[in-house]
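Peer 1: okay, predicted coordinates and the sequence, questions at the end:
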Amino acid sequence: MAKKTPLRKCIGCGESKEKKNMIRVIRNMEGGIELDATGRKNGRGAYLCFSQECLKKAIKSKGLERSFQMQIPQELYQQLSKELSVLETK
């Protein structure tokens, strides 16, 4: 029997894709938000496609704020955008 590939839904575009094709954003125990490239860090996770477009959609629809049930400062979105652009070029 073939092993089932885990699917996750992007909070930007709403598409379900394979977990390995997405980046995980987590809220850690201290309440900080960071990108989790490994997908293994502790904390509440939400998934985004590897694109700035999906991050923009998530910001506009307040997808991250809904997922983590907290206000997210603008500086954090800028930091996520920078980190994502580095990962996009790889």
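Peer 2: Thanks, I have the structure now. Residues are numbered from 1 along each chain as shown.

Peer 1: all helices of this protein, in order?
Peer 2: In the chain, the helices defined using DSSP state H lie at 52-60, 63-68, 74-89.

Peer 1: adding distance to Lys20, mean pLDDT and mean neighbour count, write those out as CSV.
Peer 2: For glycine as for every other residue, the C-beta is placed from the backbone atoms N, C-alpha and C. CSV is the format used below for the helices of the chain (distance: least, Cβ to Cβ, whole Å; pLDDT from 0 to 100; neighbours: other Cβ atoms under 10 Å):
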stretch, distance to Lys20, mean pLDDT, mean neighbour count
helix 52-60, 16, 91, 17
helix 63-68, 20, 90, 17
helix 74-89, 13, 83, 13
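
Peer 1: of the ones you listed, give the one that comes closest to Ser16.
Peer 2: With Cβ to Cβ as the measure, helix 52-60 is the member of those nearest Ser16 (13.0 Å).

Peer 1: could I get the helices of the chain as a markdown table with distance to Glu18?
Peer 2: Formatted as a markdown table, these follow (distance: least, Cβ to Cβ, whole Å):
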| stretch | distance to Glu18 |
| --- | --- |
| helix 52-60 | 15 |
| helix 63-68 | 19 |
| helix 74-89 | 16 |
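
Peer 1: out of these, which comes closest to Gly31?
Peer 2: helix 63-68 (8.9 Å).

Peer 1: same for that closest one, what does it pack against?
Peer 2: Applying 3 or more Cβ pairs under 8 Å, 6 or more residues apart in numbering; DSSP states H and E, we find helix 63-68 packed against strand 44-49.

Peer 1: the strand it packs on packs against which elements?
Peer 2: Checking 3+ Cβ pairs under 8 Å, 6+ apart, strand 44-49 ends up next to strand 22-27, helix 52-60, helix 63-68.

Peer 1: quick one: contacts of the last one?
Peer 2: Counting by Cβ atoms under 8 Å, 6 or more residues apart in numbering, helix 63-68 makes contact with 11-12, 25, 27, 33, 44, 46, 57-58, 71-72, all of which sit outside it.

Peer 1: do that again at 7 Å, thanks
Peer 2: 11-12, 25, 27, 33, 44, 46, 58, 71-72 (Cβ atoms under 7 Å, 6 or more residues apart in numbering).
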